[in-house]
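J.: got a predicted structure plus its sequence, pasted below:
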Amino acid sequence: MTIEDKKSTNIGVIQNLVLENREKLSISGVVDVLSFDDQVVMVETELGLLTVKGENLRINKLSIDTSEVIVEGEISYLSYSDSDTSNAKSGSLISKIFK
């Protein structure tokens, strides 16, 4: 898929990332939380897979209704990758909760 194809498929998608003092990250447009621990949080968003790295990370808020996640801790790294999540751990947090 070319960059132009990706841009055309994401028309109308609005996603916000708000990082406050490298300690609190608010993410909108969340589809699923794929995995998390105290050093890495992997979130599937409407615009791709978002990886958050740091120390003492915790999910403070997870709202399925508003598609919002708030991650708190010492955040040192944010990265997007393609939405192909085949390399992510099988079974998401949401699917484990509603099993």
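T.: Yes, it's here.

J.: count of neighbours near residue 23?
T.: 13 (other CB atoms under 10 Å). The way it works is simple: take the backbone N, C-alpha and C, and place the C-beta from them, glycine included.

J.: again, but for residue 59
T.: Residue 59 has 15 nearby residues by other CB under 10 Å.

J.: just the element for it, please.
T.: Per DSSP states H and E, residue 59 falls inside strand 48-63.

J.: in that strand, what counts as buried?
T.: 48, 49, 50, 51, 52, 53, 54, 57, 62 (16 or more other CB atoms under 10 Å).

J.: please name the strands paired to it in the sheet, noting orientation.
T.: Looking at strand 48-63 with DSSP bridges, its partner strands are strand 40-45 (antiparallel), strand 68-81 (antiparallel).

J.: how far does the first one sit from the chain's center?
T.: For strand 40-45, the distance from its own C-alpha centre to the chain's C-alpha centre is 3 Å (CA atoms, centre = their mean, to the nearest Å).

J.: show the average pLDDT along that strand.
T.: Mean pLDDT, computed over strand 40-45, is 95.

J.: residue 18: which of the strands paired with strand 48-63 is closest?
T.: strand 68-81 (9.3 Å; CB to CB).

J.: average pLDDT for the closest one?
T.: For strand 68-81, the per-residue pLDDT averages 96.

J.: ok, and what's touching it?
T.: Residues from elsewhere that reach strand 68-81 (CB atoms under 8 Å, 6 or more residues apart in numbering): 17, 19, 22-28, 30, 33, 38, 41, 43, 47-63.

J.: find the nearest non-adjacent residue to the residue most central in space within the chain, please.
T.: Taking CA atoms, centre = their mean as the criterion, residue 43 is the residue nearest the geometric centre of the chain, at 2.5 Å. Leaving aside its chain neighbours, residue 43 sits nearest to residue 50 (4.7 Å; criterion: CB to CB, 6 or more residues apart in numbering).

J.: where's residue 37 relative to residue 53, distance?
T.: 11 Å (CB to CB, to the nearest Å).

J.: right, and residue 17 touches residue 26 too?
T.: Yes. At 7.3 Å, residue 17 counts as touching residue 26 under the criterion of CB atoms under 8 Å.
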